Structures are given as C-alpha cells and as structure tokens.
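1. coordinates only, no sequence provided:
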C-alpha cells in the first residue's frame, strides 16, 4: 500500500503512532516467508512524495529477508526448547563440557544417578566422579580418542556423591562446528545397576542349578547308609532302658538323618525342588536343638555362645528341616572362622519388613571378611581363608531363606567379625 498524503487519505484512519510523528507519506509491504505473510514492514516520511516501483521492490525485498531471518530464529528457538525438554526428560544421564572439560550442562537423570545437583557441579570438571577403579592410562586413552575426533565408548565404574560405586555404560563424543572445529564434549551415561542386578539373579539361579546337580550325585552315594543310621538311632531312642539324655541324643540323630535325606532329595539335578512343607515352627526350640547338636564342637573350639532372644516370640510358618540346615551352616561357618576361639552372639526378635516377621542375627568375633570375599560369598564352591567346607553351605542357606520369602544378608563391619542377618515372614501367604 502506498500513501502519497496521509492528510487526505480516505481508505483508512491513520493510527495514533503515525499522527504523533507527523507522518504524511509512506508505503507498507507484506513480509513473506514461503508464501505466508509473516508481518508488515513500512517506510514513512514527513513530506508529500511519490514512491517509485524500485523503492517498493527494495522495501519488499528487505521485509522478506527480515521475515526469513525471524522465521529461522523462531524455528531454532523451538528446536532449542524441544532439545531442552528432551535433555530434561531423558532417562540416561547427559553432561556437556567445554573443550577444557568444564561442565556446562548436567541433566536431572544425572542428578538422580549420582546424587550431585547441577548447581554443585557446573563449572567443575567431572573428576569428582572418579572411583579410582581405572588406571591413569584409561583416562589418557579417553583424551587421546577424543583428540582424534572420535567417540569413546566404554564401561565406567564411577563414584556417587555418597561414595558408593556407580556402574555405567558411557559414550563421550566431540561436538563439532560445520568446519570440524570441536566446540564441546557430550557424554551420555546409561546406569547398569539394574542390569547387573538382573544378571546377578540369573547367575545365582545357574549356581543353584549347579548345586542341585551336585546334590543329585551325593544322594546316590550316601542315602542308603544315612537311612541305616536314622533307623538305628530311632530304635535306640525308643529303648526305655537307656538314660533319658542318651535317648534325647538319639532322637536328634534320627531327626538329623531324616532332615539331611530331605535336603538331598530337594536338590536333585534336573528335577525341580519339591515344595517345602510349611508348618508353624518354634524358632527358639529349633535354635536350642541346633546348639545342642553342635555343643561338643563349640566346646572343643572354646567358643562361648551368648543369646539375646525376645520373649514370647511368635511362631513362623516354615519348613523346619530346611531352616535347621541354615542354622547349622551358619553356626559351623562361625566356628571355623574363630579358629582360636571366641564368642558367637545370636539375637532373635520380631521385625517388620513389608510384613510381620522375625529377624535372626549370628555375629562371630572372628577376623571378619574382606570386601572382595564378601562380594563372592554367595557363589557355590567359594571358600575364603582356612574354611574347611567346599563352599556350598551359604549358597544353599540363601536359597532356603529366599524360598521362604525371607532375606539373607552377610556383612562384616570393620573389627566386628562377620554378621549374618536372616529375616523370615511369619506367614507364607502373600
């Protein structure tokens, strides 16, 4: 639109802005982007004049160029907002650094993964994630690879803010300008914690299968003589002419023979373990039987046993024979750990973990377990130090407790020996 003299213009009423600036003549052109009107651009003056066709075309060209620039800026802003949303919502950890390694961006997933907030780390290098699990050559290789313009991808053992280890799969890539100049480094971290946990469960399942295969072989070797021992002990138990103490010992021998036979049968090679016979079980009485069975061994090893047992402890729905297997394995391990004597402390009290249950703790005064050995305690055939067994007891025990819906935890606080904590639910009902 071209206006030669606004004072006599009849097609529209001049705006206040034009009137306030004493505008008399002017022209306006549409600002076009891909056949779409983006806006309007005008040129005005304070005198009467005619605008040539060349001037109109020039203004139209300028308006289209400015419209194109503004449209590109709008699209880039929209893309930037989209990228920022993706950055914020990404499940993987993302960090961006400058070429000196100083952090520029740190997304929420990385905050949750490491415990470090963005405001705590922006401007720092990621060296605070180092766990000292990688040699200096590892980090030299990272910078060498990035320096050549290539991406570095590897498994990292990092360190969280609370000093715990964080296992991640990390990809570090250079971010380049169109001319190839490296401007930033982008790292994407995938948390492998859950994956490793699932792999651990699978490995444990394979280990239990291996234990079952071994038990199948043992069964054929010792089951017949075991039945004979149990039968003889049962016969002696029923002899009224024998002393009551002797008859009680025979009762325990027969009970143990039957229990061992049940355990061996439960771990046959390719046959799934039979369902446990869950019945109300008196854990205090079970513990008393276990300590009675091991009394000679405890005495000869000069080990004192102290107990802290809650009164009126509720009955637990459990497979009594299998639980006694756990009790025996744990106590025998403690005896072997204290080769020069010591003290075994056993506590038992109600505890709620999701539902009502009973917690049982066995703590010895031995030398404890190293962190490296502690991670392998559930592996079949693994033994540490001077242990005399073949390394199956704790693997079997853990499986028994887990099949009861319970928890089996081994810890070794510095200077306090080994501590095995068991938790069993009162009922097997979900």
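-> Structure received. Since the structure is predicted, the reported quantities are computational estimates derived from the model, not experimental observations.
2. from here on, contacts and neighbour counts on C-alpha atoms
-> Fine.
3. tell me where this protein is predicted with low confidence.
-> For the chain, the stretches with pLDDT under 70 are 202, 205-225, 227-228, 264-275, 375-393, 430.
4. now do the helices in it.
-> Taking DSSP state H, the helices of the chain run over residues 16-20, 53-89, 108-114, 118-121, 136-147, 193-237, 244-266, 283-293, 295-300, 320-337, 371-374, 393-403.
5. any chance of those in JSON lines, plus mean neighbour count and distance to residue 36?
-> Output for the helices of the chain, formatted as JSON lines (neighbours: other C-alpha atoms under 10 Å; distance: least, C-alpha to C-alpha, whole Å):
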{"stretch": "helix 16-20", "mean neighbour count": "11", "distance to residue 36": "26"}
{"stretch": "helix 53-89", "mean neighbour count": "14", "distance to residue 36": "10"}
{"stretch": "helix 108-114", "mean neighbour count": "19", "distance to residue 36": "39"}
{"stretch": "helix 118-121", "mean neighbour count": "13", "distance to residue 36": "42"}
{"stretch": "helix 136-147", "mean neighbour count": "12", "distance to residue 36": "45"}
{"stretch": "helix 193-237", "mean neighbour count": "15", "distance to residue 36": "52"}
{"stretch": "helix 244-266", "mean neighbour count": "18", "distance to residue 36": "79"}
{"stretch": "helix 283-293", "mean neighbour count": "16", "distance to residue 36": "83"}
{"stretch": "helix 295-300", "mean neighbour count": "14", "distance to residue 36": "93"}
{"stretch": "helix 320-337", "mean neighbour count": "21", "distance to residue 36": "79"}
{"stretch": "helix 371-374", "mean neighbour count": "12", "distance to residue 36": "69"}
{"stretch": "helix 393-403", "mean neighbour count": "20", "distance to residue 36": "69"}
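6. redo the ones you listed as a markdown table? Include distance to residue 175.
-> As requested, the helices of the chain are exported to a markdown table (distance: least, C-alpha to C-alpha, whole Å):
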| stretch | distance to residue 175 |
| --- | --- |
| helix 16-20 | 48 |
| helix 53-89 | 15 |
| helix 108-114 | 20 |
| helix 118-121 | 20 |
| helix 136-147 | 10 |
| helix 193-237 | 28 |
| helix 244-266 | 59 |
| helix 283-293 | 64 |
| helix 295-300 | 67 |
| helix 320-337 | 56 |
| helix 371-374 | 40 |
| helix 393-403 | 49 |
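7. and residue 414, which of these is closest to it?
-> For the helices of the chain, proximity to residue 414 was assessed by C-alpha to C-alpha; helix 371-374 is nearest, at 10.1 Å.
8. what's the closest one packed up against?
-> On a contact count with 3 or more C-alpha pairs under 8 Å, 6 or more residues apart in numbering; DSSP states H and E, helix 371-374 meets no helix or strand.
9. related to what we said a few turns ago, looking at the helices of the chain, which is closest to residue 180?
-> Closest of the helices of the chain to residue 180 is helix 136-147, at 12.2 Å (criterion: C-alpha to C-alpha).
10. can you list the neighbours in contact with that closest one?
-> Contact with helix 136-147 is made by 151-152, 172-174, as judged by C-alpha atoms under 8 Å, 6 or more residues apart in numbering.
11. check those and tell me the two furthest apart.
-> 152 and 174 (9.2 Å).
12. off-centre distance for stretch 113-125?
-> Mean-position distance between stretch 113-125 and its chain equals 20 Å (C-alpha atoms, centre = their mean, to the nearest Å).
13. and the end-to-end length of that stretch?
-> 17 Å (C-alpha to C-alpha, to the nearest Å).
14. just stretch 9-26 next, same as before
-> 11 Å.
15. how about that stretch: buried residues?
-> Residues of stretch 9-26 classed as buried under the neighbour-count rule (16 or more other C-alpha atoms under 10 Å) are 18, 23-26.
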